[in-house]
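**Student:** just need the structure, nothing else, for what follows:
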Amino acid sequence: MNREMYRRIGAVSGLVLALVLIRVLGYQGYVAGAAFGISGTLCGGILGEQVFDLKQRTR
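**Tutor:** This next block holds a predicted model:
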């Protein structure tokens, strides 16, 4: 798998985690959904890239 795949998997995972978090915290509405969705996707993508870099460094 390449760096782009890790970024995609991380972004989707971050989005799902953000949706779960928004549900648990009880937020509603478009603004909260957009803020959590964007934040989760961005952080997940960055984390996916970091995992890829870490795996490449250990080889």
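
**Student:** which stretches of this structure have low pLDDT?
**Tutor:** Under the criterion pLDDT under 70, no range of the chain is flagged.

**Student:** residues in contact with residue 43?
**Tutor:** By Cβ atoms under 8 Å, 6 or more residues apart in numbering, the residues touching residue 43 are residue 14. Using the backbone N, CA and C atoms, a C-beta is placed for each residue, glycine as well.

**Student:** and it, what element?
**Tutor:** Residue 43 belongs to helix 30-57 when elements are defined using DSSP states H and E.

**Student:** ok now that helix, how far from the chain's centre?
**Tutor:** Between the centre of helix 30-57 and the centre of its host chain there is 3 Å, according to Cα atoms, centre = their mean, to the nearest Å.

**Student:** tell me the buried residues in it?
**Tutor:** Under the neighbour-count criterion of 16 or more other Cβ atoms under 10 Å, helix 30-57 has 36, 40-41, 43-45, 47-49, 52 buried.

**Student:** pull the most distant pair out of these.
**Tutor:** The distance between the two most remote of the buried residues of helix 30-57 (Cβ to Cβ) is 24.4 Å, for 36 and 52.

**Student:** any idea how far residue 45 is from residue 57?
**Tutor:** Residue 45 is 19 Å from residue 57, where distance means Cβ to Cβ, to the nearest Å.

**Student:** likewise for residue 18?
**Tutor:** Noted for residue 18: a distance of 28 Å to residue 57, by Cβ to Cβ.

**Student:** now swap in residue 29 and tell me
**Tutor:** Using Cβ to Cβ, residue 29 is found at 42 Å from residue 57.

**Student:** likewise for residue 22?
**Tutor:** With distances defined as Cβ to Cβ, the gap from residue 22 to residue 57 amounts to 34 Å.
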